[in-house]
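1. turn this into a structure:
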Amino acid sequence: MNVVYLFDWGDTLMIDFPQFCGKMCDWKKVQAVDGAKETLENLSKKSKIYIATGAAASTQNDIKKAFARVNLDKYISGYFCKENINIDKGSPEFFSKILKQLNVEAKNVIVVGDSLQRDINPALELGINAIWFCNNKSANKQNLNTIYSLNELYLQSTK
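-> The predicted model follows:
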């Protein structure tokens with residue numbers, strides 16, 4: 001079976017501009033993170049890609065609209081958020097419910113996110129593979145699978 005990717009949304013695939021509030025789909029400006037399009041395009045050729053976000057104000061449809069604004073929606077198979085999971089992100093239960101809905105085993109999933117507390121640690125507790133998308137090379141004091149650009153993710157997947 002091919003791997004399933006669960007990507008975080010804000011500051012992993014799309015920039016979370018601090019000056020804007022409310023739903024990202026309604027912001028005046030939205031922008032994909034550098035390398036997001038190429039990475040998703042390449043990964044989606046062999047894998048299913050889903051969004052697993054903690055954005056509580058946005059519905060699945062709102063999230064899809066935001067991704068459509070930066071032309072990333074065509075690579076994404078589905079969206080998991082507070083609306084359809086009914087659990088706050090940051091706990092193993094959040095990811096456990098996604099695994100059940102997708103009917104996949106933890107060993108066949110890779111979580112990619114920028115937050116150790118909300119993305120990486122809860123995934124690792126369930127035995128899910130996790131890749132920390134870190135913007136500070138000196139921050140990795142732990143023995144984690146870490147990338148510093150999204151392009152590195154695609155290169156890892158071809159090994």
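2. quick one: which helix or strand includes Lys79?
-> One thing to correct before we go on: residue 79 is Tyr, not Lys. strand 78-80 (DSSP states H and E).
3. for the helix or strand that comes right after that strand, which positions count as buried?
-> Beyond strand 78-80 in the direction of the C-terminus, DSSP H and E gives the next helix or strand as helix 82-85. Using 16 or more other CB atoms under 10 Å as the test for burial, helix 82-85 gives Lys82, Glu83, Ile85. Every C-beta, even on glycine, is put in place using the N, C-alpha and C of the backbone.
4. cool, and stretch 136-153?
-> So for stretch 136-153, counting by 16+ other CB under 10 Å, buried means Thr146, Ile147, Leu150, Leu153.
5. before we move on, the earlier item: so what does the strand holding Tyr79 touch, helix or strand wise?
-> strand 48-52, helix 60-69 (3 or more CB pairs under 8 Å, 6 or more residues apart in numbering; DSSP states H and E).
6. can I get stretch 28-48 in CSV, CA atoms only?
-> The C-alpha trace of stretch 28-48 is given here as CSV (Å, rounded to 0.1, in the frame of the first residue of the first chain):
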residue,chain,number,x,y,z
LYS,A,28,-7.2,39.6,1.5
LYS,A,29,-4.0,37.7,0.8
VAL,A,30,-3.2,34.0,0.9
GLN,A,31,0.0,32.3,-0.1
ALA,A,32,1.4,28.8,-0.4
VAL,A,33,4.6,28.0,1.5
ASP,A,34,7.6,27.8,-0.9
GLY,A,35,7.8,24.4,-2.5
ALA,A,36,4.2,23.4,-1.6
LYS,A,37,2.9,23.0,-5.1
GLU,A,38,5.8,21.0,-6.4
THR,A,39,5.9,18.8,-3.4
LEU,A,40,2.1,18.0,-3.4
GLU,A,41,2.1,17.5,-7.1
ASN,A,42,4.9,15.0,-6.9
LEU,A,43,3.6,13.2,-3.8
SER,A,44,0.1,13.0,-5.1
LYS,A,45,1.2,10.8,-8.0
LYS,A,46,1.8,7.9,-5.7
SER,A,47,0.0,8.8,-2.4
LYS,A,48,-3.2,10.2,-1.0
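7. I am finished for the moment; much appreciated.
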